[in-house]
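Undergrad: sequence plus the predicted model coming up.
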Amino acid sequence: MKGHGNKPESHGAVLVVAMGTTRRDGRHVVEKCMELAKKAYPKAEVDFAFNSETVRLVLKEGGEDVLSPLAAMTRLLDKGHSQIVVLPVYLTPGANYHELYRIITSLNDLAGAHGAIGFDGILVARPLLMKTRDYFETAEAINTIYGKSLAGDEAAVLVAPTSEGGSDTALCQLQMVSDDVCRTGKIIIGAVGGYPGIEKTEKRLEHIGAKKVTLIPLSIVSGIHASIEISGDQNPDSWKKALEAKGFIVSADEKSLGEHNEIINLFSERLQDAAKSHGFLK
């Protein structure tokens, strides 16, 4: 009834969170995730946020204000949404994922009928790699995208361009599962500043007798790190330069994993799994 302070009708909200990007192709990945969320939950409000303060400041200098995850979630709560599902467009449950999770946990302390705010709660979907089946789904997708077109002396090296913050083990597990899925051993997982590093990658390439290498950023949203650390011709320490120095013929595919439907569709599954776990976004 008008004048009685009734809450506006809400069908919940989805917040897509990425570390952040200033690149158009990277933004397209975020927009695609938002489209998939809207398709799955057409009545829900769908918004996005960037976790990197540096990226947000660069965008602000260009005239665009992008909210942090905390600011975006409080805005959704202020709009009256009592059920929010956060979709992290992240590769592993590393430091960035746990940082986001801590923010959600602190807000959820205020949830419930007797909470200070009184909303139902905020859920966090899992990243691309967490459950065992996630690794197999991802390895199958990677093999479909890259593995099936490799010639006898070719290999695809997927390199995480930034640290996964304590989740190097996830990359090792992805390598093991990829070996089961792509039995040629031509899909190789590496990490800049982490494990498996460049030395491990070189040994593996030599072991399988590869002559030609395609470097691919093992990231969901493309960023500047991929072009500098992995394929940068102007960076003497890039993986491309290091592998060329070892005699490999090296090319670079600068598309992130998230630019492929086979990968990005998996995030829609992560979102729906989280929502169903507590009956959110019906």
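TA: Cool, the structure landed. Numbers count the residues shown, from 1 in each chain.

Undergrad: which residues of the stretch 1-150 of the chain fall in helices?
TA: Here the stretch 1-150 of the chain has its helices, by DSSP state H, counting those that start in this stretch, at 24-40, 53-61, 69-78, 95-108, 132-145.

Undergrad: hey, C-alpha coordinates of stretch 54-71 in CSV?
TA: Provided in CSV are the C-alpha atoms of stretch 54-71 (Å, rounded to 0.1, in the frame of the first residue of the first chain):
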residue,chain,number,x,y,z
THR,A,54,44.0,0.0,-10.9
VAL,A,55,41.7,-0.9,-13.7
ARG,A,56,38.9,1.0,-12.2
LEU,A,57,41.1,4.1,-11.9
VAL,A,58,42.2,3.8,-15.5
LEU,A,59,38.6,3.5,-16.7
LYS,A,60,37.7,6.5,-14.5
GLU,A,61,40.3,8.6,-16.2
GLY,A,62,38.6,7.7,-19.5
GLY,A,63,35.2,8.8,-18.2
GLU,A,64,33.8,5.5,-17.1
ASP,A,65,32.9,4.7,-13.5
VAL,A,66,32.9,0.9,-12.7
LEU,A,67,32.1,-0.1,-9.2
SER,A,68,34.0,-2.5,-6.9
PRO,A,69,32.3,-5.7,-5.9
LEU,A,70,31.5,-4.3,-2.4
ALA,A,71,30.0,-1.1,-3.8
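
Undergrad: so can I have CSV of the helices of the stretch 1-150 of the chain showing mean neighbour count, mean pLDDT and distance to Q234?
TA: All C-beta spots, glycine's among them, are computed from the backbone N, C-alpha and C. What follows is these, written out as CSV (neighbours: other Cβ atoms under 10 Å; pLDDT from 0 to 100; distance: least, Cβ to Cβ, whole Å):
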stretch, mean neighbour count, mean pLDDT, distance to Q234
helix 24-40, 18, 93, 20
helix 53-61, 14, 93, 20
helix 69-78, 17, 94, 33
helix 95-108, 16, 90, 27
helix 132-145, 18, 97, 28
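
Undergrad: relative to A13, which of these is closest?
TA: helix 69-78 (4.7 Å; Cβ to Cβ).

Undergrad: what is that closest one packed up against?
TA: Contact analysis of helix 69-78 by 3 or more Cβ pairs under 8 Å, 6 or more residues apart in numbering; DSSP states H and E lists strand 13-18, strand 45-50, strand 83-88, helix 95-108 as its packing neighbours.

Undergrad: distance to L243 added to the ones you listed, as JSON lines?
TA: Output for the helices and strands packed on helix 69-78, formatted as JSON lines (distance: least, Cβ to Cβ, whole Å):
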{"stretch": "strand 13-18", "distance to L243": "29"}
{"stretch": "strand 45-50", "distance to L243": "32"}
{"stretch": "strand 83-88", "distance to L243": "31"}
{"stretch": "helix 95-108", "distance to L243": "28"}
